[in-house]
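In: sequence and predicted structure below; questions after.
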Amino acid sequence: MRLKQLGRIGTAGGLTVAAVGASIVFTPSMASADSTWECYGKQVKRCATVWWDDEADTYRARAKITDTAGGGNYTVAVNDVKLLRFNGTRTLTVKSAKDNDGWHRTQDLASTSSVNPCRWPTNSFQVQAKFTWKKQGGTASTKTWRPDMGWGHACN
């Protein structure tokens, strides 16, 4: 089952879904080279996206955390990454990855395995991950976060 190619709708001009209060981005078939990270944070940048693999026609959840240059010199970790889908009523976990590979000096990246989004053609997808960072000898800070955005496709 192939997906129709749609133009990208950005966050500011996105369609608002009242039930979840999130914008929806329809990704074109070449989005794998262009998937947009949604990020926040200054000293430690936390980012997440629903990644489109245009060769396989699949989605996966990806998350990364980076100790920024000139920041507080943190070690970082990202784990418990989830690909979520909203079915019009509730949000459900489709795939998850624990990714407990430890602390990293500058950046950590984690992702789930892929799914065919056309299995749920009327659903939108989100990503959620647990981000952890700490200064040497300090206590860790943890934040579970997901962008206020959903991704979707129109399936044939």
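Out: Sure thing, it's come through.
In: and Trp103, what does it touch?
Out: Thr75, Val76, Ala77, Lys134 (C-beta atoms under 8 Å, 6 or more residues apart in numbering). C-betas here are computed from N, CA, C, even on glycine.
In: right, I mislabeled it, should have said Lys64
Out: Trp37, Arg46, Cys47, Ala48, Val78, Gln107, Asp108, Leu109, Ala110.
In: relative to Asp80, how far out is it?
Out: Computed as C-beta to C-beta, to the nearest Å, the Lys64 to Asp80 distance reads 14 Å.
In: how about the secondary structure of the residue nearest to the spatial centre of the chain?
Out: For the chain, Thr49 is the residue whose C-alpha lies nearest the centre (C-alpha atoms, centre = their mean; 2.6 Å). Secondary structure assignment for Thr49 (DSSP: H, G, I helix; E, B strand; the rest coil): strand.
In: gap between it and Gln43?
Out: 21 Å.
In: just Thr89 next, same as before
Out: Thr89 is 38 Å from Gln43, by C-beta to C-beta.
In: those two - which one has more neighbours?
Out: Gln43 (14 against 7; other C-beta atoms under 10 Å).
In: residues in contact with the closest residue in space to Thr142 that isn't next to it in sequence?
Out: Closest residue to Thr142 apart from its sequence neighbours, by C-beta to C-beta, 6 or more residues apart in numbering: Thr132 at 4.7 Å. Residues counted as contacts of Thr132 (C-beta under 8 Å, 6+ apart) are Ile65, Val76, Ala77, Val78, Asn79, Ala140, Ser141, Thr142, Lys143.
In: average pLDDT for the helix or strand hosting the first one?
Out: The secondary structure element spanning Ile65 is strand 58-67 (assigned by DSSP states H and E). Rounded to a whole number, the mean pLDDT of strand 58-67 is 96.
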